[in-house]
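>>> Sequence and predicted structure are below.
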Amino acid sequence: MEQATRAGTLTAASLMVSAPAAADAVRRARALPRLRVGLHITLADGRAELPPNAIPRLVDASGRFSGGESAARLALEGWRWFARPAVRRELALEIRAQFEAFERTGLLLDHVNAHKHLHLHPTVLALILEIGREFGLRAVRMPAEPWWFARWNGHRRPSGDGGAASAAALLGRVGLAPCLALMRRRLDAAGVERNDHVFGIAASGRMDEAALLAILSRLPEGATEIYLHPGTRAGAAIARSMAGYRHTDELAGLLSPRVAAAMALCGASRGGFLDLAAAGKLRPS
């Protein structure tokens with residue numbers, strides 16, 4: 001994060017407030033005044049902010065969320081959030097606790113998104129919008145990725161299953177269309193700023209130099225977020241759920257002179273969500 005921010009290619013980051021290295025991340029962010037920081041709401045595949053006895057329907061005895069192990073388990077959790085009032089109450093408590101934890105960092109809240117894009121869930125989004133107003137929420141990520149990127153052959157996995165992965169990404173994009181449309185309407189009605197496009201979903205963990213150059217060569221009109229998971233270590237060394245991620249390749253992409261040159265050539269304004277909002281580049285304007 002520090003290297004890419006100082007190089008000028010990284011302008012914003014999202015913080016998981018309950019992650020083991022959160023305090024260190026905050027310390028580093030404070031030393032980077034040009035870096036914008038948002039809240040990465042975590043409701044799966046991670047640890048809660050509240051203790052287990054406060055939200056027993058959401059976490060196990062160690063304080064880790066249920067449902068992050070598979071898509072099926074996560075779908076079941078999503079149904080519980082929607083259908084069970086007691087679970088929704090605990091969900092609201094935890095989301096509020098994460099906003100409060102971010103506020104305690106003293107960092108300016110640039111944006112909000114959610115781990116595994118769970119803010120697409122109507123219940124989660126409604127709670128984020130309701131609770132976030134009290135904490136100065138002004139912008140939320142729209143996880144709407146252009147279709148061509150999911151089909152791009154440059155993102156084939158080393159195992160050679162790129163065709164299947166691309167097909168799955170496209171099917172997933174079709175299935176998410178109603179959720180994206182509802183999210184767009186809700187954010188606009190609430191007057192919350194949002195981006196138009198995002199890149200990083202179909203190639204999560206593989207956003208290397210080639211991927212970044214492909215995106216920058218055909219950057220769409222509007223406000224675009226390109227997100228990565230850069231690091232000096234890779235894969236399972238960071239988290240079991242990231243066993244196939246190429247964090248070091250993503251960091252190398254951000255530090256690539258070719259990528260820096262392509263960014264300069266495209267002439268796009270850069271910054272955090274609030275920077276683009278101040279320039280009138282986000283929606284709703």
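Structure received.

>>> Just the strands from the stretch 151-285 of the chain, written as ranges.
193-194, 197-199, 224-226 (DSSP state E, counting those that start in this stretch).

>>> May I see these organised as CSV, with mean neighbour count added?
Any C-beta I mention is one placed from the backbone N, CA and C, and that applies to glycine too. As requested, those are exported to CSV (neighbours: other C-beta atoms under 10 Å):
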stretch, mean neighbour count
strand 193-194, 23
strand 197-199, 20
strand 224-226, 20
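
>>> Can I get the ones you listed in CSV including mean pLDDT and distance to residue 40?
Formatted as CSV, the strands of the stretch 151-285 of the chain follow (pLDDT from 0 to 100; distance: least, C-beta to C-beta, whole Å):
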stretch, mean pLDDT, distance to residue 40
strand 193-194, 96, 16
strand 197-199, 96, 14
strand 224-226, 97, 13
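
>>> Now tabulate these in JSON lines and tack on distance to residue 187.
Formatted as JSON lines, those follow (distance: least, C-beta to C-beta, whole Å):
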{"stretch": "strand 193-194", "distance to residue 187": "5"}
{"stretch": "strand 197-199", "distance to residue 187": "14"}
{"stretch": "strand 224-226", "distance to residue 187": "14"}
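
>>> between the ones you listed, which gets nearest to residue 215?
Between residue 215 and the strands of the stretch 151-285 of the chain, the shortest gap by C-beta to C-beta is with strand 197-199, which sits at 5.1 Å.

>>> Pull the residues that contact the closest one.
141-146, 149, 207, 211, 215, 220, 222-227 (C-beta atoms under 8 Å, 6 or more residues apart in numbering).

>>> one more time with 7 Å
The contact list for strand 197-199 (C-beta atoms under 7 Å, 6 or more residues apart in numbering) reads 141-146, 149, 215, 220, 222, 224-227.

>>> Of all the strands of the stretch 151-285 of the chain, which one comes closest to residue 271?
If we rank the strands of the stretch 151-285 of the chain by C-beta to C-beta, the stretch that ends up nearest is strand 224-226, at 11.1 Å.
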